[in-house]
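J.: Here is a sequence together with a model predicted from it:
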Amino acid sequence: MHPILKLVLQRLALGCLLLVAASALIFAGTMILPGDVAQSILGQSATPQALANLRAELGLDVPPVQRYFDWLGGVLHGDLGTSLTNRLDIADTMGKRLGNTLFLAFWAAIISVPLAIFLGLLAVRYEGRWPDKLISGVTLASISIPEFLIGYVLIYFIAVKLRLFTTVAMINDGMSLGEKLNAIALPVIVLTLVVLAHMMRMTRAAILNVMQSAYIETAELKGLSSFKVIARHAFPNAIAPIVNVVMLNLAYLVVGVVVVEVVFVYPGMGQYLVDHVAKRDVPVVQACGLVFAAVYICLNMIADIVSILSNPRLRHPK
Amino acid sequence: MNDRDREIQHFTKLAAKGRMTRREFVGRMAALGVTAAMANTLLSTAVKAAGPNKGGTLKIGSTGGESTNTLDPALAASQVPYHNLHAFAETLVEVKSDGSIDPRLAESVESSPDAKTWRFKIRSGVEFHNGKSVTAQDVMRTIERHSNEESKSGALGIVKGIESMSVDGDTFVMNLHTANADLPYLMADYHLMIQPDGGFDNPAAGIGSGAYMLVSDEPGVRHLFKKNPNYWDSSRGHVDEVEIIVINDATARMAALQSGQAHIVNRVDPKVAGLLSRAPGVRVENVGGPGHYVFIMHCDTAPFDNNDLRLALKYAINRQEMVDKILMGFGSVGNDFPINASYPLFDSAIPQREYDAAKAAEHYKKSGHDGSPIILRVADGAFPGAVDAAALFQQSAAAAGIPLEIKREPNDGYWSEVWNKQPFCASYWGGRPVQDQMYSTAYLSTADWNDTKFKNADFDAKLLAARAELDDTKRKALYSEMANMLRDEGGLICPMFNDYVDGLSEKVQGWEKDGTGELMGGRASQVCWLA
């Protein structure tokens, strides 16, 4: 078998194992939380009789271990089950939310990844001079400000004062692509500002590291322009760490944007998960956990494989 | 008519049609020498005379919505489901802002002289959104679903007292175990929305007989309704579409109102209400209601089983300070019983309890408490500002020599782990339309939610006597005695009644002060229109 294929298969098997472990952890976690789904649905208006009726109906009288394996069995058959609280099919509702999250993450990534790498290259080109310092300063400032604050500031100045874009980034199927992009403009800007610095600084550091190598000096002595040296000779050799940090940030764009979703009222996965944790709706929490874990594992796997492919020494192990 | 009058009339007409904002109108009137108060009166009269404007999409930004919400009326507990229900469904009767009964699906309500048998004549010619007529049978099945053995309804406590139900032609008849003069008020509870066949086959179908029909149900995101062309009441349902948008974040909600993406928002934080009312294009409406923020002591648990200690704590709280600093003036002081002027038959002659450190110290000494700190459990989820309110309480109690220790609890799980379990904690009540319901829910010895563990046979007897009493004077006297008992012996420390504070765009017209609930008791979507 080809060593790379073997590697991918190994990683995949390991990923599946990790997913099962994650789901067991999430299930145990939701069991430790105080109160149960019946209590949360009925809230302050719960009478003991209503509670008992609801518990029996939701199957909460079955022991937790059996409930976990029932659920696991369902998932292996491709059935994520139905939500305990509103009886909607989980795969259906979560699919829509996941679609929204990926839509937002996609546009944020399309803008932020090339921008971050370009700015990183630019910073290397002008290392130690004012463009480098400006780029580092601005991106560091934007990553240091909490994202909800950036969100509020943008809402106030751009949406309320200038009446550009919308404060409520709510998208639905009836909207055209243009309307959707208009709706998500502000959250995309916020997310871009948040993830920019990390990727940009990693690019800068990785390339600077390579720039000290002898072959860069050779390239310079050949008379290549400094930007060309960076783009053609330094960048390919710095790809591994850059891809790693890019993947980490992409994962963040999918699983970590709940604060931005709340501020802009965006119907994504984060808010969906938080709502169901608050209600102790275990099947939904499990399903979301599974998706989030899968995203992380996949992106990390891609990062690994790319860094191996980009490095001939790893591509042909002895 | 001189030029000035003509000009006033001209501008009033423009403003009533919405071609001029309220602010501009008041400005023009000031230029013509008309006071702001007078200008507002002129405008609201003109708006009424012009009649509602039809059409448009009314957008309501509401907190209290989760992805876990359902359209089943029985399970509604937070604000978004409350507004959804009011958009697509109706109850038998409603309670008007003046406390009187407004017949809706029931055309008329009659009771037997002993108030044990109640007859609701169902309005004819009303259709559900699925095209079926609303019948007395549907009504009976609805009440049955809320009251039967398997019920999970939030209204279960309300419909418990029913002995039997029957259908007599177009009339729904209820027989009660014990007399209840307030029964129509109970039937106005928002859980008791009438559904086809009681909603037995699919309770969350979202089919009712209301002014709007469900188009799109996306829990935790938005709920879209369109006008019901067959709606029976032409005085309601003016806009083409109602969109209820879930905006749980307070800042995002206010921004949506200011940027014009929501026409109406609920729960304006009192801290920003003053600022918001000065922003262009919006106004803030507040109205007193029956909701109250409280600290509750269990009367059966040491040290709170000692009435002197309870009185000491009641004297040790500065109510006016709470209203000023926690509610920013959007509310009124409480008097240690759960009733205020928003209830019918309220006795305003009961003396107001004031902060009195000397009296508090005296009762504290008499109680013989050992001086160990008294633990007060709070979370901001108990009511907005609860942690700050507890700190104020701690300070004013310390001045009377009473040591309070504040223990912060997590919001998550507060209602299942702290409230009704710990002997001294912060809480809130949304209030009920009538005194009987409030007292039976939380102060009757046998009530499930007797969260102060107040058990007094004399009080229970008076409550039952008042319930069956059809003479208002005698009832009022009984309620007054009960209020005094709670005030002097109960476990409730009630520092304040909170106002409903809503934010409106200037485009919204037809708004009236209505303290039966937030957003005009949920009726804003039906009654208001867009200029």
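T.: Done, it's in.
J.: From now on I want contacts and neighbour counts done on CA atoms only, so please keep to that.
T.: Noted.
J.: Just the pLDDT for residue 103.
T.: The chain I'm using is chain A. We have a pLDDT of 93 for A:F103.
J.: meant chain B actually
T.: Note on B:P103: pLDDT of 94.
J.: what's around the closest residue to it other than its chain neighbours, how many residues?
T.: Closest residue to B:P103 apart from its sequence neighbours, by Cα to Cα, 6 or more residues apart in numbering or on different chains: B:V93 at 4.5 Å. Applying other Cα atoms under 10 Å in any protein chain shown, we find 24 residues neighbouring B:V93.
J.: if I pick B:V93, what's in contact with it?
T.: B:101-106, B:184-185, B:187-188 (Cα atoms under 8 Å, 6 or more residues apart in numbering or on different chains).
J.: Counting neighbours, what do you get for whatever residue of the stretch 1-150 of chain A ends up closest to chain B?
T.: Residue nearest to chain B within the stretch 1-150 of chain A: A:A50 (4.3 Å; Cα to the nearest Cα). Per other Cα under 10 Å, the neighbour tally for A:A50 reads 21.
J.: Span of stretch B:432-451 from start to end?
T.: The first residue of stretch B:432-451 is 16 Å away from its last residue (Cα to Cα, to the nearest Å).
J.: And stretch B:93-108, by the same measure?
T.: Criterion Cα to Cα; first-to-last residue distance in stretch B:93-108 is 9 Å.
J.: Show me which residues of the stretch 51-200 of chain B are close to chain A?
T.: Contact residues, the stretch 51-200 of chain B versus chain A (Cα under 8 Å from any Cα of the partner chain): B:66-70, B:75, B:77, B:150-154, B:156-157.
J.: Could you identify the most distant pair in these?
T.: B:S67 and B:G157 (26.7 Å; Cα to Cα).
J.: Between these two, which is the more surrounded one?
T.: Per other Cα under 10 Å, whichever of B:S67 and B:G157 has more neighbours is B:S67, with 23 against 19.
J.: which secondary structure element contains the more buried one?
T.: Counting by DSSP states H and E, B:S67 is held by no secondary-structure element, helix or strand.
J.: go on, B:R23?
T.: Assigned by DSSP H and E, B:R23 belongs to helix B:22-31.
J.: can you pull the buried residues of that helix?
T.: B:22-23, B:25-29 (16 or more other Cα atoms under 10 Å in any protein chain shown).
J.: between the residues you listed, which is nearest chain A?
T.: Using Cα to the nearest Cα, the buried residues of helix B:22-31 come closest to chain A at B:R23, 18.4 Å.
J.: Quick one: residues contacting residue 313.
T.: With no chain named, the answer covers chain A. Taking Cα under 8 Å, 6+ apart as the definition, A:R313 has no contacts.
J.: wait, chain B
T.: B:360, B:397, B:493.
J.: Next, format the contacts of B:V93 as JSON lines and append secondary structure, distance to B:V323 and neighbour count.
T.: Below are the contacts of B:V93 laid out as JSON lines (DSSP: H, G, I helix; E, B strand; the rest coil; distance: Cα to Cα, whole Å; neighbours: other Cα atoms under 10 Å in any protein chain shown):
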{"residue": "B:I101", "secondary structure": "strand", "distance to B:V323": "31", "neighbour count": "15"}
{"residue": "B:D102", "secondary structure": "strand", "distance to B:V323": "32", "neighbour count": "18"}
{"residue": "B:P103", "secondary structure": "strand", "distance to B:V323": "36", "neighbour count": "21"}
{"residue": "B:R104", "secondary structure": "coil", "distance to B:V323": "36", "neighbour count": "17"}
{"residue": "B:L105", "secondary structure": "coil", "distance to B:V323": "39", "neighbour count": "26"}
{"residue": "B:A106", "secondary structure": "strand", "distance to B:V323": "40", "neighbour count": "22"}
{"residue": "B:P184", "secondary structure": "helix", "distance to B:V323": "33", "neighbour count": "21"}
{"residue": "B:Y185", "secondary structure": "helix", "distance to B:V323": "29", "neighbour count": "21"}
{"residue": "B:M187", "secondary structure": "helix", "distance to B:V323": "33", "neighbour count": "20"}
{"residue": "B:A188", "secondary structure": "coil", "distance to B:V323": "30", "neighbour count": "21"}
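J.: Which two of those residues have the greatest separation?
T.: B:L105 and B:Y185 (14.0 Å).
J.: Good, wrapping up.
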